[in-house]
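Asks: Next input, structure requested:
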Amino acid sequence: MIDNLQLEGFAIFKQPLQWRAHGGLNLIIGENDTGKTHLLKLLYAVSRAVEECWKKAQGPDPVELSDILATKLRWVFLPHRMALGRLVSRGGDHRLNVRVGWRDNGSLRFAYGRDTTSKILELHSDGLSALNGTRANYLPPKEILSIFDAIVATRETQEIAAFDDTYYDLVKDFRQPTTAGRWQRNVEKAVKQLDDVTCGGEVELNANGIWFKRGNELYNMHQTAEGIKKIGILHRLMRNRRLSPTGGCLLFVDEPETNLHPKAIVRFAEMLFEYARAGIQVYATTHSYFLMKRLEQLAREAKHSDATLLDLRRNAEGEVYGRTARLADGLPDNPIIEQSMQLFDEDVRIDLEL
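Replies: Here you go, the predicted structure:
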């Protein structure tokens, strides 16, 4: 489980950012262009690189972690001309410095400058052997099922940088065959919440393509709602055990509310909370009051929940900084709540003038 993140000179984060004491569930909020997705992708790239390094270490041709991480960063962020140096903050005399710490499992630190293209020469790791077997999963805002073939063709046939690795990795994970067996109680509860949204439907992958099956009816992806497709992806990842607390697992979800009705957003929040209670570490970004409020309610109800909130903001100089809070302590003032209150105040003003 990731415990802390320290960085400086990374993309929009020119000044140092220290995010300590990560929880089982971590919610990132902030206005547009405050770096929410950048943080999510950075943690994913590091976690997935460690995962892939351990897989390759068991094969005939092991690859250095520094090389795997460099490739993963380039294909996750798709910087201009695929140069790593493009991820270093513009302006000033910055180098990129990143340190990720795992709870009781060591740390990984790397750094490089603006002239770096495809190699990370400064990388130090400690105690990562305990992470062998962990799995990192990323769910981007846009679902992959309707563009599945395009992702495969551009990456596996032509290796064109049309889709970043958050999409291509998800395609590879989705392809893994499903397995039978019982789920942990909290995961089974999460599956039930997914079934409530899809009315018992499931996404199936067979020789004829990808289908949404509900009862005896089959629907192709163009006949299936966007939100249903997103939920179907998670259902598949649970059924093929890619998304499971066994052996350690991380789930990164970028704006899960995209294309979901508020009722489904609330169900999705409950599902994410059950994942975290089952032992899957969850990171999510959001602009949704419904998602944020429901997670806060669940954390307060659980009392001992370690769910956290990172609120990214810009100061007067335009630099991004972060405020952290425990969701079990209630929602601190933030722009999402402030905007909701402004709309309420406007309602009051209109009613008084009528």
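Asks: Let me see the mean pLDDT of the helix or strand containing residue 204.
Replies: Using DSSP states H and E, residue 204 maps to strand 202-206. The pLDDT scores in strand 202-206 average 77.
Asks: Need the residues that contact the next helix or strand after that strand.
Replies: For strand 202-206, the following helix or strand on the C-terminal side (DSSP H and E) is strand 209-214. With contacts defined as C-beta atoms under 8 Å, 6 or more residues apart in numbering, strand 209-214 is touched by 145, 148, 198-204, 218-221, 223-224, 228-229, 232. C-beta coordinates here come from the backbone N, C-alpha and C atoms, glycine included.
Asks: and what of stretch 263-275?
Replies: 25, 186-187, 189-190, 193-194, 196-197, 227, 231, 234, 243, 251, 253, 256-257, 260, 282, 284, 288, 290-291, 294-295, 298-299, 307.
Asks: ok, and what's touching the worst-scoring helix or strand of the chain on mean pLDDT?
Replies: Lowest mean confidence among the helices and strands of the chain (mean pLDDT, DSSP states H and E): helix 185-198, at a mean of 71. Contact with helix 185-198 is made by 182-183, 214, 227-228, 231-232, 234-235, 238, 244-245, 264, 267-268, 270-271, 274-275, 277-278, 280, as judged by C-beta under 8 Å, 6+ apart.
Asks: how does it look with 6 Å?
Replies: Residues outside helix 185-198 that contact it (C-beta atoms under 6 Å, 6 or more residues apart in numbering): 228, 231, 235, 264, 267, 270, 271, 274, 275, 277, 278.
Asks: center of this structure - which residue?
Replies: For the chain, the residue nearest the mean C-alpha position is residue 252 (1.8 Å; C-alpha atoms, centre = their mean).
Asks: ok, what's across the strand from it?
Replies: Judged by DSSP bridges, the bridge partners of residue 252 are residue 138, residue 283.
Asks: for the longest helix anywhere in the chain, what is the average pLDDT?
Replies: Secondary structure of the chain per DSSP state H: the longest helix is helix 36-57. Averaging pLDDT along helix 36-57 yields 95.
Asks: buried stuff in it?
Replies: Residues of helix 36-57 classed as buried by neighbour count (16 or more other C-beta atoms under 10 Å): 36-54, 56.
Asks: just stretch 331-342 next, same as before
Replies: 331, 334, 336.
Asks: Spit out the contact partners of the second one.
Replies: Looking back up the chat, that one is residue 334. residue 311.
Asks: And for residue 276?
Replies: Contacts for residue 276 (C-beta under 6 Å, 6+ apart) come out as 24, 25, 282.
Asks: would it count as being in a strand?
Replies: No - counting by DSSP: H, G, I helix; E, B strand; the rest coil, residue 276 falls outside a strand, being helix.
Asks: ok, so what distance separates it from residue 296?
Replies: 13 Å (C-beta to C-beta, to the nearest Å).
Asks: Could you check the pLDDT of the residue lying farthest from the centre of the chain?
Replies: Centroid-distance maximum for the chain: residue 354 at 46.0 Å, with C-alpha atoms, centre = their mean. The model reports residue 354 with a pLDDT of 71.
Asks: With residue 340 instead?
Replies: pLDDT at residue 340 comes out at 90.
Asks: which residue packs closest to it, ignoring adjacent ones?
Replies: In space, and not counting its chain neighbours, residue 340 is closest to residue 289: 5.6 Å by C-beta to C-beta, 6 or more residues apart in numbering.
Asks: got it, and residue 47?
Replies: Nearest residue to residue 47, sequence neighbours excluded (C-beta to C-beta, 6+ apart): residue 136, at 3.8 Å.
Asks: Restricting to C-alpha, output the one helix or strand the one you found maps to in PDB.
Replies: For residue 136, the host element (DSSP H and E) is strand 135-139. What follows is strand 135-139 as a C-alpha-only set of coordinates in PDB (Å, rounded to 0.1, in the frame of the first residue of the first chain):
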ATOM      1  CA  ARG A 135      -1.200  -5.300  -9.300                       C
ATOM      2  CA  ALA A 136      -2.000  -1.700 -10.500                       C
ATOM      3  CA  ASN A 137      -5.200  -1.000 -12.400                       C
ATOM      4  CA  TYR A 138      -6.200   2.300 -14.000                       C
ATOM      5  CA  LEU A 139      -9.700   3.200 -15.200                       C
END
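Asks: What's the local residue count around the closest residue to residue 91 other than its chain neighbours?
Replies: Of all residues not flanking residue 91 in the chain, residue 14 sits nearest, at 6.8 Å (C-beta to C-beta, 6+ apart). For residue 14, the count of nearby residues is 19 (other C-beta atoms under 10 Å).
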